[in-house]
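>>> Can you look at this prediction? I've put the sequence above it.
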2 protein chains.
Amino acid sequence: MTWNGRIMSREPQDVTEAELGLMQTLWDRGRSSTRQITDLLYPGGGQAQYATVQKLLERLEGKGFIRRDRTLFVHTFVAAVERDELIGRRIRGLADKLCGGSLVPILTHLARNPTLSESERKALRELIDEPDEPARRPPKRTRGRKG
Amino acid sequence: MTWNGRIMSREPQDVTEAELGLMQTLWDRGRSSTRQITDLLYPGGGQAQYATVQKLLERLEGKGFIRRDRTLFVHTFVAAVERDELIGRRIRGLADKLCGGSLVPILTHLARNPTLSESERKALRELIDEPDEPARRPPKRTRGRKG
DNA sequence: TTGCAATTAAGACGCCATGTCTTAGGATGC
DNA sequence: GCATCCTAAGACATGGCGTCTTAATTGCAA
């Protein structure tokens, strides 16, 4: 069985370090071609680096983190998962692995964090006080929990 | 150079999945021996599982996440890094890799999180208000208003 | 059309992290 | 003395990951 923690059980897969570089590029500059990404990430890179980017893009596509447009000869790519979404996944993963699934330990850690400047603290406070939409307060009765 | 992202540059190293199981045990039950941990993590395990735990403990010690007491014949282990500290490291790593080092994107994500219950929201708010300000603040309504 | 450059596509490669297990050598206790 | 527990050292397979080579395909200019 070799039950490992990541070999079996089909975990959703994550973006690796090098792949993250490509994601950043797509997030920052939007739809791009392999060439554009390569020039940006490996300035002065040759065929080898180009192929590396290719492979990374292929894997990212396979994992569903980017989408490829094949209509033109030169394919273009866009992020299928936004930066914030990835942040969310990481936080959730962190909560699952270290906090029994709860976000509270993370929250408290953040709140107690001394590196949190007063302005950040203030910004956070406002964000918390302000749920989502101004027109949405009454219908909120202990809902929206997923198992 | 083979600059990879983890091969070179001596990154502080992280706790792996299996190792995390041992850490949880040490966090929960405090100082423990290899035997105790093995019985807990691999019930009915034999010599093989015992050795696995041994190796994991050895690696954790090497990485500085636990401390070993060799005074007695049977060594005992304690966590050298607390759960909260590890949470902090992960958050920081997340911020570095995905947020350019800033915690704000993480904070905003959390604040916007729909799975955050009202009680959690409230708890967070209190935690934020607490640290810096000793005890000098009218009940509420600090900031003026926001659009 | 021919030829060159760029692009896609497929796969090989080496390294090492990771979890697992085997074995040897000491200490303990009956 | 002998079985049993422990430590210690290391072997091992698997797979992730970043990298690179090579071949096939397409576009474009001369």
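Arrived safely. Numbers count the residues shown, from 1 in each chain, chains lettered A, B, ... in the order given.
>>> can you tell me if whichever strand or helix holds residue A:67 touches DNA strand D.
Using DSSP states H and E, residue A:67 maps to strand A:66-69. No - Strand A:66-69 is not in contact with DNA strand D by Cβ under 7 Å from any atom of the strand; minimum separation 13.8 Å. C-beta: built from backbone N, CA, C; applies to glycine.
>>> list the buried ones in that strand?
Neighbour counts over strand A:66-69 (16 or more other Cβ atoms under 10 Å in any protein chain shown) mark residue A:66 as buried.
>>> Paired strands for the helix or strand that it is followed by, with orientation please.
Downstream of strand A:66-69, the next assigned helix or strand under DSSP H and E is strand A:76-79. Take DSSP bridges as the rule and strand A:76-79 pairs in its sheet with strand A:32-33 (antiparallel), strand A:66-69 (antiparallel).
>>> At the contact with DNA strand D, which residues of chain A appear?
A:2, A:6-7, A:14, A:16-19, A:47-49, A:51-52, A:54-56, A:73.
>>> From those, keep the buried residues only.
Buried subset of those (neighbour count, 16+ other Cβ under 10 Å): A:18-19, A:56.
>>> Out of the residues you listed, the closest to chain B would be?
Using Cβ to the nearest Cβ, residue A:18 comes nearest to chain B of these, at 6.0 Å.
>>> does that closest one count as helix, strand or coil?
Reduced to three states with DSSP: H, G, I helix; E, B strand; the rest coil, the structure at residue A:18 is helix.
>>> Distance of it relative to residue A:37?
Residue A:18 is 12 Å from residue A:37, where distance means Cβ to Cβ, to the nearest Å.
>>> any idea how far the residue positioned nearest the centre of chain A is from residue A:65?
What sits nearest the mean C-alpha location of chain A, by Cα atoms, centre = their mean, is residue A:86, with 1.8 Å. As judged by Cβ to Cβ, residue A:86 and residue A:65 stand 8 Å apart.
>>> do residue A:13 as well
For residue A:13, the distance to residue A:65 equals 9 Å [Cβ to Cβ].
>>> more neighbours, these two?
The residue with more neighbours, out of residue A:13 and residue A:65, is residue A:65; 22 against 13, by other Cβ atoms under 10 Å in any protein chain shown.
>>> my guess is the more buried one contacts residue A:20, does it?
No - contact criterion Cβ atoms under 8 Å: residue A:65 and residue A:20 do not qualify, at 9.7 Å.
>>> mind showing which ranges of chain A have poor pLDDT?
For chain A, residues meeting the criterion pLDDT under 70 lie at A:1-12, A:114-116, A:123, A:127-147.
>>> Save the buried ones among the residues of chain A next to DNA strand D as a markdown table, and put in distance to chain B too.
Below are those laid out as a markdown table (distance: Cβ to the nearest Cβ, whole Å):
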| residue | distance to chain B |
| --- | --- |
| A:18 | 6 |
| A:19 | 10 |
| A:56 | 12 |
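>>> helix/strand/coil for residue A:121?
For residue A:121, the secondary-structure state derived from three-state DSSP is helix.
>>> As a check, name the ranges of all helices in chain A.
A:17-29, A:34-41, A:47-62, A:83-98, A:104-112, A:118-129 (DSSP state H).
>>> Check these for me and report the most buried one.
Comparing these by mean neighbour count (mean count of other Cβ atoms under 10 Å in any protein chain shown), helix A:104-112 ranks first with a mean of 19.
>>> CA atoms only: put it into CSV for me.
C-alpha atoms of helix A:104-112 as CSV (Å, rounded to 0.1, in the frame of the first residue of the first chain):
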residue,chain,number,x,y,z
VAL,A,104,-8.8,30.1,14.7
PRO,A,105,-5.2,29.1,15.7
ILE,A,106,-4.1,30.9,12.5
LEU,A,107,-6.2,33.9,13.2
THR,A,108,-4.9,34.2,16.8
HIS,A,109,-1.3,33.8,15.6
LEU,A,110,-1.8,36.5,13.1
ALA,A,111,-3.4,38.8,15.6
ARG,A,112,-0.7,38.3,18.1
